[in-house]
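A.B. asks: Structure, please.
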Amino acid sequence: MDIGTIIVLVVIVALALYGVGLYNGLVTARNQFKNAFAQIDVQLKRRYDLIPNLVETAKGYLAHERETLEAVIQARNQAQAASRAASAHPEDGSAIAGLAAAEGVLSGAMGRFFALAEAYPDLKANETMQNLMEELTSTENKIAFSRQHFNDAVTAYNNMREQFPNNVVSGMFSFAAAELLEIEDPQMREVPQVSFS
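C.D. replies: Okay, the predicted model is just below:
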């Protein structure tokens, strides 16, 4: 072999290794945002488990407010279904958008529930209700933190897949853009007020 052939082979091998490195970096970034969504999913499941307990505790006090209680449970069930769909495919932008919309509806229903509960001093004084509210407040904070982490991971992945020369590799291997988990309604951006102080 002459020196020219050796140089060409070395360049080809170096380019192949560089391409493998780019591909592996994209896979790592994609797995990181999927893992970040899994953390959101854990907190959402916790919230979905708390809501029926909250409604059940409030039923005795809010018996004539059945419509509000049913709206909360229905919104919770829809959000839970949207969460399952998004959890199965966190890379699917429509599943993430569906989750954001369902979470917006749930937050609105919970807001109406909390506003209604404020009018019942006995309910506010109920120890079980207070404990559930504290747990829900903690969970809401964890959801907000997890959502921020997910959006950061999605942004890092999207930046990686769009930068040159990564965009060549991401195009060849169909690394699709990931969707941020954003809440559209500005009122829904706030954590629901759950304090009974």
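A.B. asks: When you work out contacts or count neighbours from here on, use the C-alpha atoms and nothing else.
C.D. replies: OK.
A.B. asks: could you pull out the helices for this protein?
C.D. replies: Here the chain has its helices, by DSSP state H, at 3-59, 66-88, 93-117, 121-125, 127-162, 166-172.
A.B. asks: looking only at pLDDT, what's the mean for the longest one?
C.D. replies: Helix 3-59 carries an average pLDDT of 93.
A.B. asks: returning to that earlier point: out of the helices of the chain, which is closest to residue 180?
C.D. replies: Closest to residue 180 of the helices of the chain is helix 127-162 (C-alpha to C-alpha; 5.3 Å).
A.B. asks: could you say what helices and strands the closest one packs with?
C.D. replies: Counting contacts by 3 or more C-alpha pairs under 8 Å, 6 or more residues apart in numbering; DSSP states H and E, helix 127-162 is packed against helix 3-59, helix 166-172.
A.B. asks: Next, count neighbours for residue 178.
C.D. replies: 21 (other C-alpha atoms under 10 Å).
A.B. asks: circling back: same list, the helices of the chain, but as CSV with distance to residue 180 please.
C.D. replies: Below are the helices of the chain laid out as CSV (distance: least, C-alpha to C-alpha, whole Å):
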stretch, distance to residue 180
helix 3-59, 10
helix 66-88, 12
helix 93-117, 7
helix 121-125, 36
helix 127-162, 5
helix 166-172, 19
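A.B. asks: Look up how far residue 149 lies from the residue sitting nearest the centre point of the chain.
C.D. replies: What sits nearest the mean C-alpha location of the chain, by C-alpha atoms, centre = their mean, is residue 40, with 4.5 Å. Distance from residue 40 to residue 149, counting by C-alpha to C-alpha, to the nearest Å: 9 Å.
A.B. asks: now do residue 130
C.D. replies: To residue 149, residue 130 is 29 Å away according to C-alpha to C-alpha.
A.B. asks: residue contacts, residue 41?
C.D. replies: The contact partners of residue 41, by C-alpha atoms under 8 Å, 6 or more residues apart in numbering, come to 83, 87.
A.B. asks: ok so, going back, output the helices and strands packed on helix 127-162 in TSV; the columns should cover distance to residue 78.
C.D. replies: Below are those laid out as TSV (distance: least, C-alpha to C-alpha, whole Å):
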stretch	distance to residue 78
helix 3-59	10
helix 166-172	34
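A.B. asks: nearest to residue 91, of the ones you listed?
C.D. replies: Nearest of those (C-alpha to C-alpha): helix 3-59, 7.3 Å.
A.B. asks: Off-centre distance for the closest one?
C.D. replies: Taking C-alpha atoms, centre = their mean, to the nearest Å, one finds helix 3-59 lying 14 Å from the centre of the chain it belongs to.
A.B. asks: Over to stretch 129-148?
C.D. replies: 14 Å.
A.B. asks: cool, and stretch 97-109?
C.D. replies: In this view, stretch 97-109 has its centroid 11 Å away from the chain centroid, taken as C-alpha atoms, centre = their mean.
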